[in-house]
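> only geometry, no sequence info:
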């Protein structure tokens, strides 16, 4: 596989490693960017992989709720540009989507699009909006929560939305933790929720890093476990410092309030959607060769 400048750039953005280090890792991994990122981490040349934080699509995340009935809905609807994402017609459509999810409880997006609203299906409404705004609109995902637990919700500028459920505690505490989840993007509630295969892979990477430091095996083992503990604190909500009091861990805050996080759901506009990055130099060269 050809190692293009665009691929090197993408790996640099993911790992913060040097350009030449990225290129060498891609050559070693034969163009597999995930494997190249792992190569860099094992060599101690990369920070934590930023793959999950890359956002390319536009649109809106919206939370709609009936707190008295313990019903909550979070939806993501995508547009092609930020300009359309701010359009009143688009925002009105997102509101309709959220209301249908909350009130009708469809099983999935396909069933949601067949629901009727204002005399036509949601899919027909979407198609009419596409014609009106001049670009594609897609209802990407939704989640509906019905619970007797304590729920905190937080919406940041229509781009990040969080629903977080507590067993015990207060609505204020749940909202504070929802806000923290929006800001710090933990991947799991607590260390015990991290899959075993992910723990094993991280321990393997940390062991490779520590082995390069020339320490004795027994010291390497202690270093690895110490770094693994730090890593788990970073990727789990309960392990993080509380945003309103950096001297207190979230797990300590929960214990003081006799509360437990049952789970959280965090939506960020476009997360996981990759727009194909164009290689400007290659495009120009291709056009020049075609014009000969």
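Yes, it's here. This one's a predicted model, so the numbers in the text were calculated from it and none came from an experiment.
> how many neighbours does the residue nearest to residue 257 when sequence neighbours are not counted have?
Of all residues not flanking residue 257 in the chain, residue 169 sits nearest, at 4.9 Å (Cβ to Cβ, 6 or more residues apart in numbering). Where C-beta positions appear, they are placed from N, C-alpha and C, glycine not excepted. When neighbours are counted by other Cβ atoms under 10 Å, residue 169 registers 22.
> make sure I have this right: residue 169 is in a helix.
No. Per DSSP: H, G, I helix; E, B strand; the rest coil, residue 169 lies outside any helix segment and is coil.
> do a quick rundown of the strands in the protein.
Here the chain has its strands, by DSSP state E, at 58-66, 71-79, 116-117, 120-121, 137-146, 150-156, 160-167, 241-242, 245-249, 260-268.
> which strands and helices sit next to the last one?
With contacts defined as 3 or more Cβ pairs under 8 Å, 6 or more residues apart in numbering; DSSP states H and E, strand 260-268 has these neighbours: strand 71-79, strand 137-146, strand 160-167, helix 171-184.
> do the second one as well
Strand 71-79 sits against strand 58-66, helix 88-104, strand 137-146, strand 150-156, strand 160-167, strand 260-268, with contacts defined as 3+ Cβ pairs under 8 Å, 6+ apart.
> to residue 193, which of those lies closest?
Taking Cβ to Cβ, strand 260-268 is the member of the helices and strands packed on strand 71-79 nearest to residue 193, at 9.1 Å.
> give the pairing partners of that closest one; include direction for each.
Sheet pairing of strand 260-268 (DSSP bridges) gives strand 160-167 (antiparallel).
> who's in contact with residue 154?
By Cβ atoms under 8 Å, 6 or more residues apart in numbering, the contact set of residue 154 is 161, 162, 164, 175, 178, 179, 181, 182.
> again but with residue 75, I slipped
Counting by Cβ under 8 Å, 6+ apart, residue 75 has contacts 61, 62, 64, 94, 97, 98, 101, 139, 141, 142.
> ok, 6 Å please
Residues in contact with residue 75, defined by Cβ atoms under 6 Å, 6 or more residues apart in numbering, are 62, 97, 98, 101, 142.
> neighbours around the second one, how many?
Burial of residue 97 is recorded as 27 neighbouring residues (other Cβ under 10 Å).
> quick one: it from residue 39, how far?
Distance check for residue 97 against residue 39: by Cβ to Cβ, to the nearest Å, it reads 42 Å.
> understood, closing this out.
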